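1. coords please:
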Amino acid sequence: MNSPAVSLRKLTKSYGKNRGIVDISFDIYPGEVFGFLGPNGAGKSTAIRTLLGLISATSGTAEILGQDALKNSAELRAQVGYLPGALSLNSNYTAWELLHQFAKLRNVDCTASIQDLASRLKLDLHKKIGELSKGNRQKVGVIQAFMHLPKVLFLDEPTSGLDPLAQREFEKILDEVKARGGAVMLSSHVLSEVEHLADTVAVINDGKLLVVDRVANLKAKALRHLDLSFDTPVAVSVFDGIAAVKSIESHGTTISCEVVGSEHEILKRAVEHGVVAVQSHEPSLEEIFLRLVESPTAQ
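-> Residues are numbered from 1 along each chain as shown. Model prediction:
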C-alpha cells in the first residue's frame, strides 16, 4: 500500500481543563476522500486547524506528505489546499484580484486554473467580494483551495451555500483530484454528500474518535432490517442459532429481523421454507452516524 499522505498519531489539543481533541490517530492515503464527521463542537475544526499548524498541538504527532505538519514549513504549505468552514474574505477586492493575491503568496501562476475553475463554477471574477452572494463567495473559497493543484486538501463544509449545479461540478473537481492521486479530508454536516463522496470516514465526538473505517465496512457491520414474506406463517424458531440475527418477530406470514453481518444463512433457511419476497433496509451513513454518537457501543 502507498505511504499515507496524512498521518496522525495521538494528536491532542488541550484547552486548560477542557481538551479540544484527545489522542486522535488516523491515516489518509493518496487518491482517497476521507470523511470527517461529528456533531457541532465535537472537535472537527480543532483537529483540522491543529493538523495545519494554525493552532499548536499539546502532544502527539502529525505528518503531511512525510513531513512534520506541526512545523511551519512554507514548502509543505504550498502543497496543501484549505477551505475553512468559517470563510472570511476581503470584501474590497474583486474575486480575480483576491485569487491572484493568494497565488502570489504561494509564488505560483494560477491564472489558467483560476479561469477554468471560475468558468466551471459559473463565477464572475470581476465582481467585488462584497457584492457576491454567500454561494458565490463560497465558490471563491473553493477556487483558492484547488487552484494550485495541491497534493492534499482539507475541506470544511465545502458545499455550504452552493446551488445544486455548482455542487455537481464540485464533485467532478473532487473526482479529478482523486484521479491524480490527491488526498482529501472532507468535513461536512451533509452526511448524504459524505456517503456519496468518501471512501473512508472517521466519527469524532467530545474530542475523541469513535470509529475510523471504510464506508462499505461500516454499512456491512451496521444493524440492518430484513423482512421475509412467506405464503403461510413460519415459526421464528426456524432461524434459531444464527449469530447475525439480533432480534426477530413474526407478523402473520412475515418474519422481521434485525441483522448484523452476513445474511447468507438467514436467506438460505428462508429459501428452504419457501420465502416469496425479501425486503432489506440498508442503513444510510446518517443512521450509522446517529447510532454511533447517541450510543457509541452500538457499533
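2. Quick check: residue 265 touching residue 242?
-> Yes: the pair residue 265 / residue 242 is scored as a contact, 5.1 Å apart, by Cβ atoms under 8 Å. C-beta: built from backbone N, CA, C; applies to glycine.
3. More neighbours: which of these two?
-> residue 242 (19 against 15; other Cβ atoms under 10 Å).
4. buried ones in stretch 59-68?
-> Buried residues in stretch 59-68, defined by neighbour count with 16 or more other Cβ atoms under 10 Å: 60, 62, 63, 64, 65.
5. which residues touch that stretch?
-> Residues outside stretch 59-68 that contact it (Cβ atoms under 8 Å, 6 or more residues apart in numbering) are 3-12, 23-24, 50-51, 69-70, 73, 76, 79-80, 151-152.
6. Identify, by residue count, the longest helix of the protein.
-> helix 164-179 (DSSP state H).
7. Against which helices or strands is that one packed?
-> For helix 164-179, the packing partners by 3 or more Cβ pairs under 8 Å, 6 or more residues apart in numbering; DSSP states H and E come out as helix 111-121, helix 134-146, strand 183-187, helix 191-197.
8. Can you point out the buried residues in that helix?
-> For helix 164-179, burial by neighbour count (16+ other Cβ under 10 Å) applies to 166, 169, 170, 173, 174, 177, 178.
9. quick one: the last one from residue 189, how far?
-> Spelled out, that is residue 178. With the distance defined as Cβ to Cβ, to the nearest Å, residue 178 ends up 22 Å from residue 189.
10. Quick check: beta-bridge partners of the spatially most central residue of the chain?
-> For the chain, the residue sitting closest to the mean C-alpha position, by Cα atoms, centre = their mean, is residue 35 at 1.7 Å. In this structure, residue 35 bridges to residue 186, residue 201 when assessed by DSSP bridges.
11. and it, what does it touch?
-> Contacts for residue 35 were tallied using Cβ under 8 Å, 6+ apart; they are 186, 187, 188, 194, 195, 197, 198, 200, 201, 202, 215.
12. Does the first one touch residue 37 like I think?
-> Just to be clear, that refers to residue 186. No: between residue 186 and residue 37 there is no contact, the gap being 9.4 Å when judged by Cβ under 8 Å.
13. Buried only: go through the contacts of stretch 59-68 for me.
-> For the contacts of stretch 59-68, a neighbour count by 16+ other Cβ under 10 Å gives the buried set as 4-8, 11-12, 24, 50-51, 69-70, 76, 79-80, 151-152.
14. So which of the residues you listed sit within helices?
-> Residues of the buried ones among the contacts of stretch 59-68 located in helices (DSSP H): 50, 51, 76.
15. I'd like these written out as TSV, with distance to residue 131 and pLDDT added.
-> Output for those, formatted as TSV (distance: Cβ to Cβ, whole Å; pLDDT from 0 to 100):
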residue	distance to residue 131	pLDDT
50	35	89
51	34	87
76	35	83
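16. Let me have those in TSV, extended by distance to residue 158.
-> Formatted as TSV, these follow (distance: Cβ to Cβ, whole Å):
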residue	distance to residue 158
50	20
51	17
76	21
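17. Between these, which sits nearest residue 211?
-> Residue 211 lies nearest to residue 51 out of those, by Cβ to Cβ, at 18.9 Å.
18. OK, contacts around the closest one?
-> For residue 51, the contacting residues are 6, 8, 11, 62, 64, 69, 154, by Cβ under 8 Å, 6+ apart.
19. Now do it against residue 45, distance only.
-> For residue 51, the distance to residue 45 - Cβ to Cβ - is 11 Å.
20. What of residue 33?
-> In terms of Cβ to Cβ, residue 33 sits 18 Å off from residue 45.
21. Backbone torsions only: list them for the closest residue to residue 141 other than its chain neighbours.
-> In space, and not counting its chain neighbours, residue 141 is closest to residue 87: 4.6 Å by Cβ to Cβ, 6 or more residues apart in numbering. Note on residue 87: backbone dihedrals following degrees, to the nearest 10 are phi -80, psi 130.
22. ok, how many other residues are close to residue 87?
-> Other residues near residue 87 come to 18 when the count uses other Cβ under 10 Å.
23. So that it lines up with my notes, have the first residue be 6 from now on.
-> I'll keep to 6 as the first residue from here, and by that count the last item is residue 92.
24. Strands along the stretch 156-304 of the chain, start to end?
-> Listed in chain order, the strands of the stretch 156-304 of the chain (DSSP state E, counting those that start in this stretch) span 157-161, 188-192, 205-210, 213-219, 229-235, 250-256, 259-264, 280-286.
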